[in-house]
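**Student:** predicted structure and sequence below. I'll ask about it afterward.
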Amino acid sequence: MKRFRGFVVKEFLHIFRDYRTLLILFGMPVIQLILFGFVITNEIKDARFAVLDLSKDETTRQITEKLTSSGYFRLDRNLNTYNEIEEAFREGEIQLVVVYEPDFARRLERDHVANVQLIGDASDPNTANILVNYASGILTNYLLSMNAEVIPMKIVPETRMMYNQELKGVFMFVPGLMAMLLMLISALMTSLSITREKELGTMELLLASPLRPMQIVVGKVFPYVFLAFINACIIILLGWAVFGVPVRGSVGLLLFESFLFISMALSLGILISCVTNSQQLAMMISLVALMLPTILLSGFIFPVENMPMVLQWLCHIMPPMYFITAIKSIMLKGNGLFFIWKETLILIGFTLFFILMSVKKFKIRLS
Amino acid sequence: MRTIFYIIQKEFIQVFRNKRMLPIIFVLPIIQLLILVNAATFEMKQINMAVVDLDLSGSSRQLTSKFQGSPFYRIISAPFSYDVAMELMQRGDVDVIMQIPYGFEKDLIKEKRTQVQLIVNAINGASAGLINAYSTNIILDFNREVLIEWLNPAEMGGIRRIVTETSYWYNPRLNYTTYMVPGILVLLVTIIALLLSGMNIVREKEIGTIEQINVTPIRKIEFIAGKLIPFWIIALFELAFGLVIGKLFFNIPIEGSLWVIFLSAGVYLFVILGFGLLISTMTNTQQQSMLVSFFFMVVFILMSGLFTAIESMPVWAQRVDLLNPIAYFIKIMRMVMLKGSSFADISNLFYALVLYAVSIISLAIWRYRKVA
């Protein structure tokens, strides 16, 4: 036990001596959270649009004015002919063109119907779709106010946004960011720190020491459990203090799930280091095979339900998805263990599986 | 000149000798391209709904069947109390609850005004916005049908309408894949280039072989060039490979000319490789170098406009983004591949990249010291 303690102390010293790594490890969650909170939004603001007004009357001027004052759009320029649309799009700044037909106001008064064309630059289909929807929403509202006296029967939809009234993007990102950083610190850092000993040749020394292999591995990962846990707490605290992301459920349960996920990631990191010999390789495997799926196949940014079936199955064999679902449920919905026992069990299962695999693959001798 | 050639040869031998590294460099990106391009979609496929109908009238049933008829909605439950529906949402089974209050039809006829409540699960703000917009549209549509059914044409005549015709250029079916492929290609090339170069010199430092190179008569600039060029070739090859895959499997359009794509890619890769080398010269272990690269990469990627529009970021962030090489290149790739922009259209972005490449490589050469 005393030997083991000595080993763990050595590992801590290794980590604390490397102040650059420490700085990044603790600076990263802060900077990324701020990025997610302030910079990365799906909200549309000040999208540039152009107007091709073939009518140039009071009504079209009013509609354009309504579009501009909504905050979603900014009028970039007025076009004169259809041919200018193509050019405007190709330069790359304009995302929407609004075309009013000739005699717009007169037709609206006389025939009670007038045509407007919305052309979106769908080389970015997502934004184009949202912009066109917003613009037609603004048109509908304008019409409603015009028709206010004439419409005799109205059904008014009343919407309540549950769990996240202001539709803040950061609510989605805090759980995802936790998954990403815990995965990074736990899986990536441990796999690197073990392969490093192999690469430098010091693993031989360790194996020849009276420490048992099990103790070496546990001693190696122990400091990272500690670091990962502190990082998880920093993210939760910052999210709460700066962006108002609540923890509606029990904090204990939240920490327990984080701990479970950390153990899972660590055992995965150990497994990776068992099958690789160079840091470069370990890093490539961790990064390419773990990080991108954690970011994209976990419901972090893109909802799992929207993916094709095959990919949904793939998501279901990725541990981060379960973790993200579980902590979202605890933090945002305030659910207890009763609602997330399935996710918890699956995470435990993954952990055991990875540990068993690494025990099988672990070699005491170097080739 | 011959020295550079030997260094290049050495680097190539080292890369190709590593049997496990090769598949990672070439195969994994392709698999990822296939998977991730399909995963990265905001498009709503199905909205799960619970309807709490407290009115149980003809109108309320019509409204419900209106939702049933929409291909987006699946009504998975129709409980008689709000609490039951809420528990379904709590468990994550439904995305939206529609509650039709008691007296819905009566109010519509008598008061000429009635209400419907929509309760949306808003954890994902973007989806919630879309669900709300879709649902509101269906309700307004229903409203219009009711008017047509119950009013005589004379009363209808007073209502003015604006007919909106929408068209989506360059991608009429709003196929998200088309949009993502250029971006993900950029991403994969970047990851490979940055990590390979970022860990390269530092690896020699860690293992100690850098000292052997330091005592040779090789000059700084030759050494750096010899380190850069192999990865530059590998990354360009990978881009070509990715383009072919994109063409074969996703049938993505390549509207613009290939030489504009590769010319910008060549310059862009020098920026990324220079960045990697700079990191490499400033760190001491591979772990450090990896962390630093990862940190910058995540920041650059998130701010690159790949997933979210740059225009919707705050102004200070857009200024910071002027220093983000990935943002430039993604913009170039999208413009050239999807819209067929010519070199003249992208020349500003291109020269910015050239400037970037020159400065960062000079910085890397200046930082590299031939002493241990």
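**Tutor:** Received, thanks.
**Student:** B:Thr34 against B:Leu248, yeah?
**Tutor:** Just so we're on the same page, residue B:34 is Leu rather than Thr. No - counting by CB atoms under 8 Å, B:Leu34 stays clear of B:Leu248, with 10.7 Å between them. From N, CA and C alone the C-beta is placed, and that goes for glycine too.
**Student:** more neighbours: which of those two?
**Tutor:** Ranked by neighbour count (other CB atoms under 10 Å in any protein chain shown), B:Leu34 and B:Leu248 place B:Leu34 first, with 16 against 9.
**Student:** flag every buried residue along stretch A:139-147.
**Tutor:** For stretch A:139-147, a neighbour-count test (16 or more other CB atoms under 10 Å in any protein chain shown) marks A:Leu139, A:Tyr142, A:Leu143 as buried.
**Student:** does it reach chain B?
**Tutor:** Yes - against chain B, stretch A:139-147 shows contacts by CB under 8 Å from any CB of the partner chain at A:Leu139, A:Thr140, A:Tyr142, A:Leu143, A:Met146, A:Asn147.
**Student:** what sits up against that stretch?
**Tutor:** Contact with stretch A:139-147 is made by A:Gln62, A:Ile63, A:Lys66, A:Val116, A:Ile151, B:Leu140, B:Ile159, B:Arg160, B:Arg161, B:Ile162, B:Thr164, as judged by CB atoms under 8 Å, 6 or more residues apart in numbering or on different chains.
**Student:** same deal with stretch B:325-335?
**Tutor:** A:90, A:92, A:123-124, B:179, B:182-183, B:185-187, B:190, B:256, B:261, B:264-265, B:268, B:271-272, B:275, B:300-301, B:303-306, B:310, B:321, B:341, B:345-346, B:349-350, B:352-353, B:356.
**Student:** how many other residues sit next to the residue nearest to A:Phe38 when sequence neighbours are not counted?
**Tutor:** Take A:Phe38 and drop its neighbours on the chain: the residue closest to it by CB to CB, 6 or more residues apart in numbering or on different chains is B:Pro314, 6.3 Å away. By the criterion of other CB under 10 Å, B:Pro314 has 12 neighbours.
**Student:** please, where are all the strands along the chain?
**Tutor:** Here I'm looking at chain A. If DSSP state E is used as the criterion, the strands of chain A fall at A:47-53, A:73-79, A:96-100, A:113-121, A:154-162.
**Student:** ah, I was thinking of chain B
**Tutor:** Along chain B, the stretches classed as strands by DSSP E are B:47-53, B:73-77, B:96-100, B:113-121, B:161-169.
**Student:** export stretch B:254-263 as CSV, just CAs?
**Tutor:** What follows is stretch B:254-263, C-alpha atoms only, in CSV (Å, rounded to 0.1, in the frame of the first residue of the first chain):
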residue,chain,number,x,y,z
ILE,B,254,-18.8,20.3,-57.9
GLU,B,255,-19.9,23.3,-59.7
GLY,B,256,-16.7,25.3,-59.7
SER,B,257,-13.4,24.3,-61.2
LEU,B,258,-11.2,21.7,-59.5
TRP,B,259,-8.0,23.8,-59.8
VAL,B,260,-9.5,26.6,-57.7
ILE,B,261,-10.3,24.0,-55.0
PHE,B,262,-6.9,22.5,-55.0
LEU,B,263,-5.0,25.8,-55.3
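**Student:** identify the single longest helix in chain A, thanks.
**Tutor:** Taking DSSP state H as the criterion, chain A has its longest helix at helix A:213-243.
**Student:** relative to the whole chain's centre, how far out is stretch A:116-131?
**Tutor:** How far stretch A:116-131 lies from its chain's middle: 24 Å, per CA atoms, centre = their mean, to the nearest Å.
**Student:** report whether it contacts chain B.
**Tutor:** Yes - judged by CB under 8 Å from any CB, stretch A:116-131 and chain B are in contact via A:116-130.
**Student:** any idea how far apart the tips of that stretch sit?
**Tutor:** Using CA to CA, to the nearest Å, the end-to-end distance of stretch A:116-131 comes to 15 Å.
**Student:** and it, which residues are buried?
**Tutor:** A:116, A:118-131.
**Student:** got it, and stretch B:240-256?
**Tutor:** Applying 16+ other CB under 10 Å to stretch B:240-256 flags B:Phe241, B:Gly242, B:Leu243, B:Ile245, B:Gly246, B:Phe250, B:Ile252, B:Pro253, B:Gly256 as buried.
**Student:** show me the contacts for the nearest residue to the last one once chain neighbours are set aside.
**Tutor:** Read it as B:Gly256. Computed as CB to CB, 6+ apart, the closest residue to B:Gly256 that is not its neighbour in sequence is B:Val336, at 3.5 Å. Contacts for B:Val336 (CB under 8 Å, 6+ apart) come out as B:Glu255, B:Gly256, B:Ser257, B:Val260, B:Ile261, B:Ser264, B:Ile346.
**Student:** domain ranges for chain A?
**Tutor:** Under the assignment automatic domain parsing, the domains of chain A span A:2-40+A:167-361, A:47-147.
**Student:** what would those look like in TSV with mean pLDDT?
**Tutor:** Shown next, in TSV, are the domains of chain A (pLDDT from 0 to 100):
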stretch	mean pLDDT
domain A:2-40+A:167-361	83
domain A:47-147	85
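**Student:** so for B:Gly92, which of those domains sits nearest?
**Tutor:** domain A:2-40+A:167-361 (7.0 Å; CB to CB).
**Student:** test my guess that A:Met172 contacts B:Asn121.
**Tutor:** No - using CB under 8 Å, A:Met172 makes no contact with B:Asn121, being 11.7 Å away.
**Student:** for the stretch 251-372 of chain B, what lies in contact range of chain A?
**Tutor:** Where proximity means CB under 8 Å from any CB, the interface of the stretch 251-372 of chain B facing chain A comprises B:283, B:285-288, B:290-292, B:294-295, B:298-299, B:302-303, B:307-309, B:311-314, B:317, B:331, B:334-335, B:338-341, B:345.
**Student:** let's have the strands of chain B in a markdown table, adding distance to chain A.
**Tutor:** Output for those, formatted as a markdown table (distance: least, CB to the nearest CB, whole Å):
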| stretch | distance to chain A |
| --- | --- |
| strand B:47-53 | 8 |
| strand B:73-77 | 11 |
| strand B:96-100 | 9 |
| strand B:113-121 | 4 |
| strand B:161-169 | 4 |
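**Student:** can I get those strands in a markdown table including mean pLDDT?
**Tutor:** Output for the strands of chain B, formatted as a markdown table (pLDDT from 0 to 100):
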| stretch | mean pLDDT |
| --- | --- |
| strand B:47-53 | 91 |
| strand B:73-77 | 90 |
| strand B:96-100 | 91 |
| strand B:113-121 | 88 |
| strand B:161-169 | 77 |
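**Student:** just those: most buried one?
**Tutor:** strand B:96-100 (a mean of 24; mean count of other CB atoms under 10 Å in any protein chain shown).
**Student:** what's the end-to-end length of stretch A:99-110?
**Tutor:** End to end - CA to CA - stretch A:99-110 spans 20 Å.
**Student:** now do the buried residues in that stretch.
**Tutor:** Across stretch A:99-110, burial judged by 16+ other CB under 10 Å covers A:Val99, A:Tyr100, A:Glu101, A:Phe104, A:Ala105, A:Arg107, A:Leu108.
**Student:** for stretch A:168-184, same thing?
**Tutor:** In terms of neighbour count (16+ other CB under 10 Å), stretch A:168-184 has its buried residues at A:168-184.
**Student:** what does stretch A:206-214 give?
**Tutor:** Applying 16+ other CB under 10 Å to stretch A:206-214 flags A:Leu206, A:Leu207, A:Leu211 as buried.
**Student:** now narrow those residues to whatever sits close to chain B.
**Tutor:** Among the buried residues of stretch A:206-214, no residue is within reach of chain B (CB under 8 Å from any CB).
**Student:** pick out the residue of the stretch 201-350 of chain B closest to chain A.
**Tutor:** With CB to the nearest CB, the shortest gap between the stretch 201-350 of chain B and chain A falls at B:Leu338, namely 4.0 Å.
**Student:** show me what contacts that residue?
**Tutor:** A:Ser123, B:Tyr170, B:Asn171, B:Thr178, B:Tyr179, B:Pro182, B:Pro253, B:Glu255.
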